[in-house]
Structure formats: C-alpha cells, structure tokens
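Q: My questions concern the predicted model and sequence given below.
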Amino acid sequence: MSDLTQLEYSRAKSTATDGTSSDEARGLIMTVAQAADDRKAVDIVLLRVSEVCYLADYFAIITGFSNVQVRAISQAIADQVEEEWQRLPLRTQGLSDASWVVMDYGDAIIHILKPQEREFYNLEAFWGHAERIDFSPTP
C-alpha cells in the first residue's frame, strides 16, 4: 500500500467511513463480489473483519488467472462501485504488475491475486478468525 503514516491512514479511513453504516459496507462488499464474478473471478471469499481488525469492516479476497484478468476484475469493481455507490477507491496499488491488486475503499479492502500469490500469502489463513460472508456466484 502507500507510505502513509498510521495517523494519516486513520484520518483517511475516518473521512471515508463517516456516515457509512455497516449495512452500506456490507452492500458495497456484495457489489464488489458480484462485479468480480461477472469478470469470471474464482474463489471469491468475503470476510467481516471489523471485530478483529481496525483497518476495515470487510475484506474481499479474489483470484484472477492472468495479469489481464486481474486488471479487468479491478476495473469492473471500480466501475460497479462507482455506479452503485458513487464511491471511488481511496487508493489502488499493484496495477502495474497486476499479480496482486489492492483496492482500499476505507471500510472495505479488496485483494485480487493470481493463484501463485494467493497460495503463497494465504490471506484466508491469516484472517481465518474473521467471519465469512456467504456469496453465491451466479450460475
């Protein structure tokens, strides 16, 4: 992510989440999952991390099979969230390499990884104590 100090990040997060209810954050993460699914992302995992982490309320962990697909998933998410929620990510990192893209919406952080990176970093195990949110991809 960017080189913000903890204080700067806390200010950015509080600005981004002021007035955002938990229901809105949940709706946003479901929009993210659907947009990723529309771009043929696989193994979409949604976690409610608000009880175990102060960085965000929700994480999405998503797999894309190529750099092009990872970028396409990221763009689809940005477009859909902007259309439905009138929000842009506070920051996006990793688009140039596109093996792991992180999109920060303040109350939701999206990780889009290629399979090798996802297996290596194993974010699901790291955040395994967080509550999983059900998402059923469209058939």
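A: Good, I have the coordinates.
Q: Figure out how far the helix or strand containing Val68 is from the centre of its chain.
A: Taking DSSP states H and E as the definition, one finds Val68 inside helix 67-85. Mean-position distance between helix 67-85 and its chain equals 11 Å (CA atoms, centre = their mean, to the nearest Å).
Q: Skip the chain neighbours and tell me the closest residue to the residue nearest the centre of the chain.
A: Centroid check for the chain by CA atoms, centre = their mean gives Ile110 as the closest residue, at 1.2 Å. In space, and not counting its chain neighbours, Ile110 is closest to Met103: 4.1 Å by CB to CB, 6 or more residues apart in numbering. C-beta here means a position set from N, CA and C on the backbone, and glycine is covered the same way.
Q: Just say helix, strand or coil for that neighbour.
A: strand (DSSP: H, G, I helix; E, B strand; the rest coil).
Q: that older thread, wait, isn't the residue nearest to the centre of the chain in contact with Ala78?
A: No. Using CB atoms under 8 Å as the test, Ile110 is too far from Ala78 to be in contact (9.5 Å).
Q: joint contacts of the two?
A: Taking CB atoms under 8 Å, 6 or more residues apart in numbering as the contact rule, the neighbours common to Ile110 and Ala78 are Met103.
Q: returning to that earlier point: quick check: can you name the pairing partners of the following helix or strand past the helix holding Val68 and their directions?
A: Counting by DSSP H and E, the next helix or strand C-terminal to helix 67-85 is strand 91-93. Using DSSP bridges, the strands paired with strand 91-93 are strand 100-104 (antiparallel).
Q: and the residue nearest to the centre of the chain, what does it touch?
A: Contacts of Ile110 by CB under 8 Å, 6+ apart are Val32, Phe59, Ala60, Ile62, Ser74, Ile77, Val101, Val102, Met103, Asp104.
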